[in-house]
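Undergrad: 3D, please:
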Amino acid sequence: MQTTLKFTNTSRSLFFSTTRKRVDAYFKDNNLSPNANGAMWGKVVFFMTGYAVLYGLILSNQFSLWAMLGMAMLLGMFAAFIGFNVSHDAMHGALSRRSWVNELFSNSFYLLGASPYVWKITHNVVHHTYTNIPGHDEDIEVAPGLIRLDQDEALRPWQRYQQWYAFPLYGLASLSWVLRKDYVKIFKNKIGQTQNSGHPMKEYVTLFVTKLAYYGLFLVLPYLVLDITLWQLALGFFIMHFVEGLVLGLVFQLAHVVEGTDFPVPTEQNTIEEAWAIHQVRTTANFSPRSWLASFFCGGLNRQIEHHLFPKVCHIHYPAIAAIVEQTAHEFNLPYLENPTFATALKSHYKILKIMGRTKPAVSRQLAYTDLVDEPVSVS
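TA: Just a heads-up that it's a prediction; the model follows:
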């Protein structure tokens, strides 16, 4: 994985070294591991068991079609929650200090119909390095040509209404992931501008085998054991993934595409004139940071600032280290963006979609979203 894009202004990396020193001291002084604790393992058991129970109840063929449809929707939600709470931490190496444990629980990502190997490339490597940089971070390219988030992209007439149709499109993301995205990504020469070639042959085999296994478990087996027609099966599968995709999509969008977050563009020398950690703070926002429910179900991804700075720290510790990160950011005169509730974050995302669907390409690609909005998000 190589790219020529570089972060400069490394003299300002003192912010990150100071923050890291304080976070390390927190764990040492309190004799804590930065990995999973008892509460975290309880979450793992809860979400994995809930997923298995829902799947088993559907296959039991003891319920009405409406009841099975409701359980399919819940199954989609639990798949997203496993992605947030189990797979995500494991794939970042944050769940355990033992690599084999992380590898084992990384495989829970297959329950979403997705490839952990491809995710580690597109998310861990590319997104976490080049967050919100158009042309590099493909995670912000939700539906090219339909949803416009890059202010230098040509403005199309239908994008005037993207603040309305974007949300149903988010619901299709999981279905695209299962049926298309992983195949496309592993065969692409580049992810953004990052080289993406030379994958081991076993990863290609694993991708196709696990996809076939998923199709077997969620399409073939239900059709064989349930008293349903083919169209009813297709509808249940679609709705399950629509719910899963909507949950996954909203959590990501509310962390990166809200008022106040930057979408910086490289200079002509292909550099970002900022230190990496500063870039992470400027391109990321928290939402519902003090909500126990949001933290429990979103796997700490409602605290994306902490996650982007410390991806190898288990999310169960984010509430504790958040005060350290916020205080240090203020000391270095850096933004610490937060939307106090899910609703305010959703409203902020809606406003960005509306603005970007009506604003012509900027004269300067360096223009930040904060220059386009009338009421920027509050800064703690």
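Undergrad: Every contact and neighbour count from this point should use C-alpha atoms.
TA: OK.
Undergrad: The nearest residue to Ala154 once chain neighbours are set aside - how many residues pack around it?
TA: Spatial nearest neighbour of Ala154, excluding adjacent residues (CA to CA, 6 or more residues apart in numbering): Pro361 at 6.5 Å. Counted with other CA atoms under 10 Å, residues neighbouring Pro361 total 14.
Undergrad: what's the pLDDT at Gln366?
TA: In this model, Gln366 is scored at 38, pLDDT.
Undergrad: Actually, Leu230.
TA: 96.
Undergrad: Count the residues that sit near it.
TA: Neighbour tally, Leu230, other CA under 10 Å: 11.
Undergrad: three-state assignment of the nearest residue to it once chain neighbours are set aside?
TA: Of all residues not flanking Leu230 in the chain, Tyr223 sits nearest, at 7.2 Å (CA to CA, 6+ apart). Recorded secondary structure, Tyr223: helix (DSSP: H, G, I helix; E, B strand; the rest coil).
Undergrad: Tyr223 contacts Leu233, correct?
TA: Yes. Here Tyr223 reaches Leu233: they are 6.8 Å apart, a contact under CA atoms under 8 Å.
Undergrad: re earlier: might you report the residue contacts of the residue nearest to Leu230?
TA: Thr229, Leu230, Leu233 (CA atoms under 8 Å, 6 or more residues apart in numbering).
Undergrad: Please repeat the previous calculation with a cut-off of 10 Å.
TA: Leu59, Gly216, Leu217, Thr229, Leu230, Gln232, Leu233, Ala234 (CA atoms under 10 Å, 6 or more residues apart in numbering).
Undergrad: Make sure the third one is indeed in a helix.
TA: So that's Leu217. Yes. Applying three-state DSSP, one finds Leu217 inside a helix.
Undergrad: mind checking how far it is from Gln304?
TA: 33 Å (CA to CA, to the nearest Å).
Undergrad: Compare those two and say which is more crowded by neighbours.
TA: Higher neighbour count among Leu217 and Gln304: Gln304, with 27 against 14, using other CA under 10 Å.
Undergrad: For that one, which residues are in contact?
TA: Here Gln304 is in contact with 251-252, 254-256, 280-281, 283-287, 289, 310-311, 315, 318, 338 (CA under 10 Å, 6+ apart).
Undergrad: if we go to 7 Å?
TA: Ala255, Thr284, Ala285, Asn286 (CA atoms under 7 Å, 6 or more residues apart in numbering).
Undergrad: Need the max-distance pair from these.
TA: Thr284 and Asn286 (7.0 Å; CA to CA).
Undergrad: What secondary structure category should be reported for the closest residue to Asn37 other than its chain neighbours?
TA: Nearest residue to Asn37, sequence neighbours excluded (CA to CA, 6+ apart): Ile316, at 7.8 Å. With three-state DSSP as the basis, the three-state label of Ile316 is helix.
Undergrad: follow-up on the earlier one: please identify, among the contacts of Gln304, the one with the most neighbours.
TA: Neighbour-wise, the contacts of Gln304 (other CA under 10 Å) top out at Ala285, 30 neighbours.
Undergrad: about what we covered before: got the contacts of Gln304 as a markdown table, with distance to Asn102 columns?
TA: A markdown table is the format used below for these (distance: CA to CA, whole Å):
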| residue | distance to Asn102 |
| --- | --- |
| Ala255 | 25 |
| Thr284 | 25 |
| Ala285 | 27 |
| Asn286 | 26 |
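Undergrad: So which of those residues belong to helices?
TA: Mapping the contacts of Gln304 onto helices (DSSP state H) picks out Ala255.
Undergrad: Out of the contacts of Gln304, name the ones that lie in strands.
TA: Asn286 (DSSP state E).
Undergrad: quick one: which of the contacts of Gln304 is nearest Trp119?
TA: Nearest member of the contacts of Gln304 to Trp119, counting by CA to CA, is Ala255, at 18.1 Å.
Undergrad: And that closest one, how far from Val205?
TA: 34 Å.
Undergrad: For Leu179, see how far away the most centrally placed residue in the chain is.
TA: Centroid-nearest residue in the chain, with CA atoms, centre = their mean: Phe252, separated by 4.4 Å. As defined by CA to CA, Phe252 lies at a distance of 20 Å from Leu179.
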